[in-house]
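Colleague: after the sequence you'll find the predicted model.
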Amino acid sequence: DCLVPPQNSPVVTLTSPVAAIALAVVVLALALWLLSRARLARPVVPPGGGVEPAGLLAEEVSKRQQQKIFDVALSSLGDFIYVFDRRARFVYANQALLSLFGITLEDLVGKSFADINYPPDLASRLTDQIQRVIDTGKTIRDETPFTFPNGEFGVYEYMLHPVSSGGAVQFVAGSSRDITDLRRRAEATQVQARQQAAIAGLGHQALAGATATRLMNDAVRIVAETLAVPLAKVQALTGDGRLLRVVAGIGWKDGVVGHAMVGAGDDSQAGYTLLTRGPVVVDDLSSETRFTAPSLLLDHGVVSGVTAMIAGREAAWGVLGAHTMAPRVFSQEEAMFVQAVANVLAEALRREEADVEAAAVHARLEQQAELLDKARDAIVVRDLDQRVTYINKSAERVFGWSAAEAIGRSALELFAAAPAEAVVAATATLRVRGEWVGEVRRRTRHGTPLTMDCRWTLVRDRSGVPQAVLMIESDITERRKLEQQFLRAQRMESIGTLAG
């Protein structure tokens, strides 16, 4: 009978496939290979005796060539190809599998898994699966870790497929593929995804306004969980920059967090991290030569670790670290993860420091504003686009505009000045000299004319770039009126004297 694979054979999938294996083609080739071997095993004698006709002999020679082609084709495949009989004994294995087993095909044929020293649990599992294929006629797909006699380890995906003859499964054909690298890449992708999610979560907390203390506590927890390490810590530089204090940590002995300190130089891993300003990976602390192992790590039996600098606004702020008590080689990706978490902390610390400074500046400005409100002069601050940003109480009283009404509006519109040419000239002088002093005629909100004695000052930032104009103006309208009245009186007196 002809050995053929069943058409549309159902597949029982034990695990999700990782790579597509063209087993249908392989099984067909195996079936033809088995068929050719079976026919070649028959004597070349026609029914009734006599000598095989030349045509039939040529046909058998052609089949031998086909068998040779199939042998070469199967042996050239990178996947492992094999065939079992109904008693789970090897009938065939291609050269790729034979090389790993370190055995010839002649020595392998007829042997069971136990005969070639398969691990008992794996041998039992495969034997059961082969029997299930024979009983059900269904293909099985699975995967398993395996160590070959030559010491090579890998994770292999395999398929066991029925090959039928006369309506019954006579053989089980199999194909295996090494998916070790694929598994590692998939695991690396999953690890990277977890790390990115952890960094994103911490960053979201920072943006939401979480305090630095909370972020540091969350950071050491996230690092410990993501890297599966027992110890993680944040160390901050002391005021003099000579020591690093543990300010947050997980897994350390009582009394360490908040108190334990190490040197900020080459007498600790954390200090050395500040010197290098980049991630530092330690495989074996006992053989480390770049720095001295601190008692903090030795007292906890630390063997391996990775640290990264937490940058400050102008200099280093501290160090984030992860450590293990068992030997471990931290990968570059893991070191970059620790650095990324450190960067999130650095940004959050800078933002919190900036917020504290801004609050202090705001408090000082409020105090100064209270003092300015008590001044008799009208004080107005405008930006370079003439928009009012501050107005004191005296300015509100003089011009008739409240601060709420004035801030954000154009100073030219609110405090109309004349003559326009004089204002343009005053502004030009201000830009060149940084200050202008003189008189300007203005109008109040209700149109009342004013004469203002002005001192305008150009306000610059730390880099010397102009940012605003401070205008301090005194209302001298009444004084100018009195002066004019006095001058008129003098003129009238002079005229009377001359007439007398």
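Modeller: All right, it came through fine. Numbering: from 1, shown residues only.

Colleague: in three-state terms, label the nearest residue to V338 once chain neighbours are set aside for me.
Modeller: Of all residues not flanking V338 in the chain, A308 sits nearest, at 4.6 Å (C-beta to C-beta, 6 or more residues apart in numbering). (Each C-beta comes from the backbone N, C-alpha and C, glycine too.) Secondary structure, DSSP: H, G, I helix; E, B strand; the rest coil: A308 is strand.

Colleague: now do A308, the pLDDT please.
Modeller: A308 carries a pLDDT value of 95.

Colleague: who are the contact partners of it?
Modeller: The contact partners of A308, by C-beta atoms under 8 Å, 6 or more residues apart in numbering, come to T273, G278, P279, V280, V319, L320, G321, A335, V338, Q339, V341, A342.

Colleague: which helix or strand contains H362?
Modeller: Here H362, judged by DSSP states H and E, is contained in helix 332-373.

Colleague: please apply the same query to V163.
Modeller: Element membership of V163 [criterion: DSSP H and E] is strand 153-165.

Colleague: just checking, what packs against that strand?
Modeller: The contact analysis (3 or more C-beta pairs under 8 Å, 6 or more residues apart in numbering; DSSP states H and E) places strand 153-165 against helix 23-40, strand 80-84, helix 120-136, strand 139-147, strand 168-178, helix 180-207.

Colleague: out of the ones you listed, deepest packed?
Modeller: Greatest average neighbour count among the helices and strands packed on strand 153-165 goes to strand 80-84 (a mean of 23), per mean count of other C-beta atoms under 10 Å.

Colleague: give the pairing partners of that strand; include direction for each.
Modeller: Sheet pairing of strand 80-84 (DSSP bridges) gives strand 90-93 (antiparallel), strand 168-178 (antiparallel).

Colleague: only C-alpha atoms, please: export it in CSV.
Modeller: Output in CSV follows, covering the C-alpha atoms of strand 80-84 (Å, rounded to 0.1, in the frame of the first residue of the first chain):
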residue,chain,number,x,y,z
PHE,A,80,15.5,18.6,12.5
ILE,A,81,13.5,15.9,10.6
TYR,A,82,12.7,12.5,12.0
VAL,A,83,10.3,9.5,11.7
PHE,A,84,9.0,7.1,14.3
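
Colleague: residues in contact with it?
Modeller: When contacts are defined by C-beta under 8 Å, 6+ apart, strand 80-84 is touched by residues 26, 30, 34, 74, 90-94, 96-97, 100, 130, 156, 158, 163, 171-177.

Colleague: and stretch 444-452, how far from the chain's centre?
Modeller: Centroid displacement of stretch 444-452 relative to its chain, using C-alpha atoms, centre = their mean, to the nearest Å, is 62 Å.

Colleague: give the buried residues for that stretch.
Modeller: T444, L450, T451, M452 (16 or more other C-beta atoms under 10 Å).

Colleague: can you check stretch 350-359 too?
Modeller: For stretch 350-359, a neighbour-count test (16+ other C-beta under 10 Å) marks R350, E352 as buried.

Colleague: just the CA atoms of it, as PDB, please.
Modeller: Only the C-alpha atoms of stretch 350-359 are listed here, as PDB (Å, rounded to 0.1, in the frame of the first residue of the first chain):
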ATOM      1  CA  ARG A 350      14.700  70.000  39.200                       C
ATOM      2  CA  ARG A 351      11.000  70.900  38.800                       C
ATOM      3  CA  GLU A 352      10.400  70.700  42.500                       C
ATOM      4  CA  GLU A 353      13.400  72.900  43.200                       C
ATOM      5  CA  ALA A 354      12.200  75.400  40.600                       C
ATOM      6  CA  ASP A 355       8.700  75.400  42.200                       C
ATOM      7  CA  VAL A 356      10.300  76.100  45.600                       C
ATOM      8  CA  GLU A 357      12.300  78.900  44.200                       C
ATOM      9  CA  ALA A 358       9.300  80.300  42.300                       C
ATOM     10  CA  ALA A 359       7.300  80.200  45.500                       C
END
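
Colleague: would you map the strands across the stretch 351-500 of the chain?
Modeller: Using DSSP state E, counting those that start in this stretch, the strands of the stretch 351-500 of the chain run over 378-383, 388-391, 417-418, 435-443, 449-460, 466-475.

Colleague: tell me the mean pLDDT for the second one?
Modeller: Spelled out, it's strand 388-391. Here the average pLDDT along strand 388-391 is 92.

Colleague: quick one: residues in contact with it.
Modeller: Applying C-beta under 8 Å, 6+ apart, the contact partners of strand 388-391 are 369, 379-383, 401, 403, 406-411, 414, 468.

Colleague: give me that answer again for 6 Å
Modeller: Strand 388-391 has contacts (C-beta atoms under 6 Å, 6 or more residues apart in numbering) with V380, V381, R382, D383, A403, A406, I407, R409, A411.

Colleague: out of those residues, which are buried?
Modeller: Going by neighbour count (16+ other C-beta under 10 Å), the contacts of strand 388-391 have V380, V381, R382, A406, A411 buried.
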